[in-house]
Structures are given as structure tokens and as C-alpha cells.
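In: Return atomic coordinates for the entry below.
(one chain, ligands or ions: 2)
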Amino acid sequence: MGRTLYDKVFDEHVIHTEEDGTAVLYIDRHLVHEVTSPQAFEGIREAGRKVWRVSSIVATADHNTPTTNWEQGYDGIADPISKEQITTLDKNIAEVGAAAFFPFLSKRQGIVHVVGPENGATLPGMTVVCGDSHTSTHGAFGALAHGIGTSEVEHVMATQTLLAKKAKNMLVKVNGKVSRGVTAKDIVLAIIGRIGTAGGTGYTIEFAGEAIRDLSMEGRMTVCNMAIEAGARAGMVAVDDKTIAYVKGRPLSPTGVEWDQAEAYWRTLYSDADAKFDLVVELNGADIVPQVTWGTSPEMVLGVDASVPDPDKEKDPNKRGAIERALTYMNLEPGKPLGDVFVDKVFIGSCTNSRIEDMREAAAVVKNLGQKVAKNIKLAMVVPGSGLVKEQAEREGLDKIFKAAGFEWREPGCSMCLAMNADRLEPGERCASTSNRNFEGRQGAGGRTHLVSPAMAAAAAIHGHFVDVRKFA
Ligand SMILES: CC(C)[C@H](C(=O)O)[C@@H](O)C(=O)O
Ligand code: SF4
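Out: Numbers count the residues shown, from 1 in each chain. Ligands and ions are numbered 1, 2, ... in the order given. Below is the predicted model of the structure:
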């Protein structure tokens with residue numbers, strides 16, 4: 001019987017299987033950031049162990065790095081805990097080593113999930129782990145990539161393996177084409193709206209169908225990035241010409257004969273026609289509208305042309321309670337058109353939407369509209385995902401478009417995605433954000449997050465409220 005893409009990559013990495021089905025998986029790539037690695041390095045040191053394969057490690061500092069004041073160097077990191085996490089990573093990598101390290105202030109620094117693929121650290125068919133739930137992003141390359149906990153980070157460092165129970169296979173097929181102005185972010189939000197945040201629990205999701213094949217690698221990363229918000233630890237997309245073209249020539253990609261061998265193998269990384277999925281979900285690309293979340297979970301999402309839901313119309317008492325609670329937190333009245341929701345801040349960034357294509361998409365909207373950021377917007381910020389994205393965007397003059405319209409153009413990092421650095425929402429502030437989580441307090445205590453695409457965020461900044469970008473896409 002045929003195998004799925006997930007079956008193939010999983011099987012290829014099994015070293016041993018216990019009777020209860022627990023497998024010992026070999027790990028090819030270990031991505032490391034400053035938040036979830038200190039205890040792991042400490043544990044290794046205390047146990048007197050060595051890191052098994054230093055060349056599997058690629059590290060960067062991202063969550064705590066400031067997005068301003070880089071000219072002040074490490075003195076520009078105001079928060080002492082943030083500073084300590086960043087310098088601890090520097091020390092740990094100095095001691096242990098890595099295949100590549102992109103420290104704070106270096107040109108290639110950035111969000112680990114942007115930096116990995118950009119440098120060829122993520123390759124098709126690899127097992128990729130990181131102490132970070134959005135490691136699912138790397139599945140866009142036909143890699144098996146997922147987040148791990150800090151104790152597992154230590155386990156991988158010490159043994160190069162991970163204990164894993166095989167997940168079930170889910171296929172999410174997005175058929176046909178999407179309309180202009182509908183992006184990868186809208187596709188994945190629509191998927192989460194359909195299957196819910198627990199829909200993917202226990203599964204690895206393969207995203208397929210014409211609308212997914214049509215996406216660039218950047219777009220596929222946006223989709224896989226949010227597989228975790230759909231409950232699946234890993235999301236994957238089959239390898240095709242776009243995948244191969246993206247990885248070719250990157251610093252850590254193979255070259256010469258090794259490239260040829262690798263490419264031949266990578267081209268086998270798709271689900272066989274007779275592979276069996278435990279669950280298949282299909283969506284119609286043409287039905288997907290630019291999405292806006294209205295609540296405090298990514299599944300609380302609707303098209304921008306819809307209105308805030310009315311809890312009284314929900315029969316299930318649990319769901320009704322959740323809607324009521326979310327609307328209270330979000331300070332939204334049932335029935336209010338989403339297009340009438342005004343925002344205070346706009347954040348364009350995060351590992352979901354801070355790649356060059358996202359920057360282009362947002363800048364194109366700003367340019368098309370030809371106006372400045374609306375008066376009611378206190379802050380509109382664009383935070384590129386890495387130093388390389390920033391540099392590329394500046395080469396294309398995108399920074400000038402943003403700055404001329406009144407956006408702030410910042411240094412790379414996680415920034416206001418989770419407010420571990422100085423960028424945050426104040427209590428009660430409402431934000432149009434291109435990030436992936438809208439939980440209570442995610443962007444700062446009492447802050448209210450609406451998840452949208454970069455184009456939608458840019459348009460909200462100019463209009464001051466949500467608008468349907470299909471009107472001017
Ligand atoms: C800090 C890290 C452990 C966390 C994650 O695992 O995802 C963060 O990146 C997030 O997005 O909430
Ligand atoms: S950008 Fe946000 S979601 Fe991504 S790794 Fe950083 S904090 Fe996590």
C-alpha cells in the first residue's frame with residue numbers, strides 16, 4: 001500500500017520501535033533559541049555529557065531581542081531578564097558550537113523559523129525540531145518538523161534522537177484557486193475556522209490541493225506555521241519544483257554530487273496516489289474570503305464581510321459561554337460588522353508573516369491606497385523576520401513606502417507577537433496583527449488581538465478599521 005509524505009519521512013528516521021509503538025527517531029536539524037535552551041544546556045553540562053552532533057544545531061536569538069536601539073548594542077536591551085537570556089545563549093554556543101549561529105545584532109539574525117529556511121538549515125525530508133511550537137513552519141519543505149519541550153531539547157542534544165509516537169494522517173485539500181487579495185494567511189485561518197483548534201489533535205496534517213500548490217514557499221510556510229493552531233504538531237507540504245528552487249544555493253544546502261543525490265531523494269517526497277489518510281477535509285479556494293479573528297482563539301474567525309457572532313444564536317451552552325467570554329474580553333457587540341471594528345495598533349511581523357513576500361504584500365496595499373496611517377492608529381509597525389528580509393525589503397524600497405505612510409520600520413525579531421520584548425499592547429488596546437495567536441494577553445496584558453493577513457493589516461492601518469482588501473487587490 002502507498003505511503004503518505006508523513007509516513008515516508010517518519011519511516012526514514014526510525015532507529016528502533018518499542019512493542020507499544022514508541023519509536024526512537026533520528027533528528028537531523030536542531031534549531032535553538034534563547035528562551036527554551038538555557039536549562040537544556042545546563043542539564044547537559046551538569047550531567048557531564050557532550051552534545052551528540054554539534055553540526056545539527058542552528059541557533060539565533062529572537063524572542064527577547066529589541067526592535068529598536070540596535071546602535072546601543074547590548075545596552076539597548078532594557079529588560080535584564082531578556083538581556084540575560086540573550087547573553088546566556090551567546091555563552092552556550094561559544095562553549096558548545098553550532099553549524100551556524102546568528103546572534104543578536106548580526107546581519108542574519110532573526111526569528112528562528114524565518115532564519116532556518118533562509119539559510120538552508122531546513123531541507124526536504126529532514127526531521128527538524130526546536131523548543132518552539134511554531135517549528136511546524138518548516139514542514140512547508142516536506143520536512144517532519146515540530147516543537148519539543150525543554151527536557152526534549154536536552155534529550156536531542158545528548159542523543160540526537162527523540163521518542164515519538166506516530167500521529168495519524170490528515171489531508172487538508174484546498175481545491176481550485178483563491179480570489180485576488182486572498183492569501184496563505186486567509187487560507188490557514190479558514191482551515192482553522194473549519195476544523196477548530198482541536199481539529200488536528202493527534203494528526204500530522206498534509207496541506208494539498210491547487211490553492212496550496214499555487215502558493216510560494218513563503219506562503220506554504222505561513223500555512224504550516226499555523227498547523228499547531230489547528231491542534232496538529234506538524235503540518236507538511238509535498239516537495240515540488242518550488243521547494244527545490246528555494247533551497248538551491250542556500251548557505252547550508254548541499255552542493256555538487258551531494259546536491260544531485262539529495263534532489264533525487266527529495267523528489268520522492270509526496271504522498272503516493274494510493275496512500276491512505278485517516279481523515280480528509282476539503283475546502284474550496286474560491287469560497288475563502290479575507291479572514292479576521294473576532295475572539296480569543298484562532299478558530300474564532302470569520303470573513304471580513306461577516307459580523308461579530310451573536311452568542312444567543314448558539315445552542316451549545318459551552319460554545320455560547322466561550323463566545324460570551326471572548327466578546328467581553330474583546331469588547332465587541334454581537335452583530336457588529338467586522339468592517340466597523342476600529343483598531344489602535346497594527347503589527348506586521350512574526351514567524352507567520354514577516355518574510356519578504358509578506359513585506360511586499362503589505363507595502364503594495366499601502367502604495368495602492370496612497371494615504372497615510374489613519375489618525376486613530378497610535379502605532380503601526382513593520383518588523384521584518386530577519387536581517388536578510390530587512391535588507392532585501394530595503395533594496396526594493398519597501399521601507400520607504402512604509403515610513404512615508406507613517407509606519408515604523410523596525411529591527412527583526414518576534415516583537416509584538418508575544419510581547420517578550422518592549423513591544424506590546426497596553427490594556428484595552430486593539431490590534432490588527434499578522435501573528436498567529438490571539439489568546440487573552442498574548443500581545444500584552446489586557447490587549448485585544450485580531451489576526452489577519454499582511455494585506456489586511458496594512459489596509460486596516462490606512463483606514464483605521466478593517467476593510468475587505470479584495471476591493472483594491
Ligand atoms: C517561547 C516559545 C516556547 C513559544 C512557543 O513554543 O511557541 C513562543 O514562540 C510562542 O509563540 O508562544
Ligand atoms: S514570532 Fe511569535 S509565534 Fe513565532 S516564534 Fe516568535 S513568539 Fe513564537
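
In: got the residues of this structure near ligand 2?
Out: Residues of the chain lying close to ligand 2 by Cβ under 6 Å from any ligand atom are 62-63, 111, 113, 132, 134, 350-351, 414, 417-418, 435-436. All C-beta atoms are positioned from the backbone trio N, CA, C, and that covers glycine.

In: Filter those residues down to just the ones in helices.
Out: Taking DSSP state H as the definition of helices, those contribute His113.

In: Most neighbours out of the residues of the chain next to ligand 2, which is it?
Out: Highest neighbour count within the residues of the chain next to ligand 2, by other Cβ atoms under 10 Å: His113, with 34 neighbours.

In: Isn't that one up against Thr135?
Out: Yes: between His113 and Thr135 there is a contact at 7.0 Å, judged by Cβ atoms under 8 Å.

In: In this protein, which helix is the longest?
Out: helix 80-96.

In: Can you tell me what sits against that helix?
Out: Contact with helix 80-96 is made by 32-35, 37-38, 41, 51, 54, 57, 59, 61, 63-66, 74, 77, 101, 103-104, 420-421, as judged by Cβ atoms under 8 Å, 6 or more residues apart in numbering.

In: can you list residues touching both of His113 and Thr135?
Out: Leu31.

In: could you point out the longest strand in this structure?
Out: Scanning the chain for the strand with the most residues, using DSSP state E, yields strand 168-175.

In: So which residues lie in contact with that one, not counting its own?
Out: Residues contacting strand 168-175 (Cβ under 8 Å, 6+ apart): 4, 6-7, 187, 191, 195, 200, 202-212, 232, 271, 275-285, 288.

In: what about 6 Å?
Out: 4, 6, 187, 191, 202-203, 205-209, 211-212, 277-285 (Cβ atoms under 6 Å, 6 or more residues apart in numbering).

In: Please list only the buried members of those.
Out: 4, 6, 187, 191, 203, 205-209, 211-212, 277, 281, 283, 285 (16 or more other Cβ atoms under 10 Å).

In: number of nearby residues for Thr268?
Out: 13.

In: which one is it nearest to, not counting chain neighbours?
Out: Leaving aside its sequence neighbours, Thr268 sits nearest to Lys8 (Cβ to Cβ, 6 or more residues apart in numbering; 7.3 Å).

In: on that earlier part again, which one of the residues of the chain next to ligand 2 is nearest Lys471?
Out: Among the residues of the chain next to ligand 2, Ser435 lies closest to Lys471 (Cβ to Cβ), at 24.3 Å.

In: domain assignment for this structure?
Out: According to automatic domain parsing, the chain comprises the domains 1-287, 291-471.

In: and the shortest one, how far from the chain's centre?
Out: Taking the mean C-alpha point of domain 291-471 and that of its whole chain, the gap between them comes to 15 Å (Cα atoms, centre = their mean, to the nearest Å).

In: Then stretch 169-177?
Out: Centroid separation for stretch 169-177 versus its chain: 19 Å, with Cα atoms, centre = their mean.

In: For the residue lying closest to Met330 once chain neighbours are set aside, give its distance to ligand 2.
Out: Excluding its sequence neighbours, the residue lying closest to Met330 (Cβ to Cβ, 6+ apart) is Arg448, at 5.2 Å. As defined by Cβ to the nearest ligand atom, to the nearest Å, Arg448 lies at a distance of 17 Å from ligand 2.

In: for the nearest residue to Met170 once chain neighbours are set aside, phi and psi?
Out: Leaving aside its chain neighbours, Met170 sits nearest to Tyr203 (3.9 Å; criterion: Cβ to Cβ, 6+ apart). In terms of degrees, to the nearest 10, the main-chain angles of Tyr203 are phi -120, psi 160.

In: Are stretch 135-149 and ligand 1 in contact anywhere?
Out: Yes: shown here: stretch 135-149 in contact with ligand 1 (Cβ under 6 Å from any ligand atom) through Gly147.

In: Could you list the buried residues of that stretch?
Out: Under the neighbour-count criterion of 16+ other Cβ under 10 Å, stretch 135-149 has 135-148 buried.

In: Show only the entries of those residues found in strands.
Out: Counted as lying in strands by DSSP E, out of the buried residues of stretch 135-149, are Leu144, Ala145, His146, Gly147.

In: The second one contacts Thr137, correct?
Out: Read that as Ala145. No: taking contacts as Cβ atoms under 6 Å, Ala145 lies outside contact range of Thr137: 7.0 Å.

In: where does the chain have low pLDDT?
Out: Along the chain, the model assigns pLDDT under 70 to no residue.

In: so who does the residue of the chain found nearest ligand 1 touch?
Out: The nearest approach of the chain to ligand 1 comes at Ser133, 3.6 Å away (Cβ to the nearest ligand atom). Counting by Cβ under 6 Å, 6+ apart, Ser133 touches Gly147, Ile228.

In: Kindly report the same for Ala208.
Out: Taking Cβ under 6 Å, 6+ apart, one finds Lys173 in contact with Ala208.

In: Would you check how far apart it and Thr60 are?
Out: 31 Å (Cβ to Cβ, to the nearest Å).

In: and what of Arg360?
Out: According to Cβ to Cβ, Arg360 stands 23 Å off from Thr60.

In: Which one's more surrounded, the two?
Out: A direct count of neighbours by other Cβ under 10 Å for Arg360 and Thr60 places Thr60 higher, at 33 against 18.

In: Now the phi/psi pair for the more buried one, please.
Out: phi -160, psi 160.

In: what about the residue lying closest to it once chain neighbours are set aside, how many neighbours?
Out: Distances taken as Cβ to Cβ, 6+ apart place Phe102 nearest to Thr60, at 4.1 Å, with adjacent residues excluded. Here the number of neighbours of Phe102 (other Cβ under 10 Å) works out to 25.

In: how about Phe102, what does it touch?
Out: Residues near Phe102 by Cβ under 6 Å, 6+ apart: Thr60, Arg108, Gln109, Val115.

In: which parts of the helix or strand harbouring the last one are buried?
Out: Which is Val115. Per DSSP states H and E, Val115 falls inside helix 112-118. Using 16+ other Cβ under 10 Å as the test for burial, helix 112-118 gives Val112, His113, Val114, Val115, Gly116, Pro117, Glu118.
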